[in-house]
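>>> Here's a sequence, model it:
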Amino acid sequence: MKSRKPFLLRMSPALFQELEAWAQQELRSVNGQIEYVLKEAVQRRKREMKEPDRESPDGATASE
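Numbers count the residues shown, from 1 in each chain. As a prediction, this is how the structure comes out:
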């Protein structure tokens, strides 16, 4: 099994409450929800970086 890197994360109580409610809806722990959200964000960023600059419908490029 892969080892996990523990670290301390500080956040506002309001953000924690939002994450806690979201985690409960998806039947995850808060820690599991944070890890899930971060993995999704990293995967999305990797996909976006691989895509060439495409023009949007209004004629502007994605990098503008």
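
>>> Check the average confidence over stretch 42-62, would you?
For stretch 42-62, the mean pLDDT works out to 77.

>>> what comes up buried for the helix or strand Tyr36 falls within?
Using DSSP states H and E, the element containing Tyr36 is helix 30-50. By neighbour count with 16 or more other Cβ atoms under 10 Å, helix 30-50 contains the buried residues Gln33, Ile34. For the C-beta atoms, the positions are set from N, CA and C on the backbone; glycine is no exception.

>>> ditto for stretch 18-29
Leu19, Ala23, Arg28.

>>> And the contacts of it?
With Cβ atoms under 8 Å, 6 or more residues apart in numbering as the test, stretch 18-29 has contacts from Met11, Val30, Gly32, Gln33, Ile34, Tyr36.

>>> Any figure for the gap between the third one and Ala23?
According to Cβ to Cβ, to the nearest Å, Gly32 stands 7 Å off from Ala23.

>>> same thing with the fourth one?
Taken as Cβ to Cβ, the spacing of Gln33 relative to Ala23 amounts to 4 Å.

>>> same check, this time on Lys39
With Cβ to Cβ as the criterion, Lys39 and Ala23 are 14 Å apart.

>>> do the same with Tyr36
9 Å.

>>> Leaving out the residues flanking it, which one is nearest to Met11?
Counting by Cβ to Cβ, 6 or more residues apart in numbering, Leu19 is the residue found nearest to Met11 once chain neighbours are left out, at 7.9 Å.

>>> and that neighbour, what helix or strand is that in?
Assigned by DSSP H and E, Leu19 falls in helix 13-25.

>>> angle of that helix against helix 30-50?
Relative orientation of helix 13-25 and helix 30-50, computed by axes from the mean of the first three to the mean of the last three Cα atoms, to 10 degrees: 90 degrees.
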